[in-house]
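In: Predicted coordinates and the sequence they were generated for:
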Amino acid sequence: MEQKIKQKLQEKIKNKAISIGLNSTVRDAKKGELDSVVYASNLSEDMLNTISKLGVPIYSYEGDSEALSIACSKSFNISILGLKK
């Protein structure tokens with residue numbers, strides 16, 4: 001499953017079709033622009049409760065926020081991101 005998520009992440013990053021962070025992910029989900037949400041294994045329960053109410057498929061990334069940032073080729077930690085349609 002993780003390999004499938006990595007491939008989809010790389011595709012969406014190339015097309016600049018991601019929302020990084022809780023606020024932008026929630027905002028884009030409310031606009032109906034997201035296909036799914038990916039979160040790091042160390043995401044807090046409060047944030048997990050927030051994204052579970054968005055009405056889009058949610059996938060857990062097996063690594064922590066640092067591993068997710070590396071998968072996204074970013075220099076900062078990423079706990080949650082949305083994949084746009």
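Out: Looks like it came in fine.
In: Pass me the low-pLDDT residue ranges in this protein, would you?
Out: Where the chain drops to pLDDT under 70, the residues are 1-3.
In: the strands in it, which residues?
Out: Here the chain has its strands, by DSSP state E, at 18-20, 34-39, 58-60, 80-84.
In: In a markdown table: those, plus distance to residue 8 and mean neighbour count.
Out: Where C-beta positions appear, they are placed from N, C-alpha and C, glycine not excepted. Formatted as a markdown table, the strands of the chain follow (distance: least, CB to CB, whole Å; neighbours: other CB atoms under 10 Å):
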| stretch | distance to residue 8 | mean neighbour count |
| --- | --- | --- |
| strand 18-20 | 10 | 20 |
| strand 34-39 | 8 | 21 |
| strand 58-60 | 9 | 14 |
| strand 80-84 | 7 | 24 |
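In: Adding distance to residue 7, write the ones you listed out as TSV.
Out: Converted to TSV, those look like this (distance: least, CB to CB, whole Å):
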stretch	distance to residue 7
strand 18-20	14
strand 34-39	12
strand 58-60	13
strand 80-84	12
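In: Select the longest helix from the protein.
Out: helix 2-14 (DSSP state H).
In: Buried residues of that one, list them for me.
Out: 5, 6, 9, 12, 13 (16 or more other CB atoms under 10 Å).
In: Report the distance from that helix to the chain centre.
Out: Averaging C-alpha positions (CA atoms, centre = their mean, to the nearest Å) puts helix 2-14 11 Å from its chain's average.
In: other SSEs contacting it?
Out: Helix 2-14 sits against helix 65-71, strand 80-84, with contacts defined as 3 or more CB pairs under 8 Å, 6 or more residues apart in numbering; DSSP states H and E.
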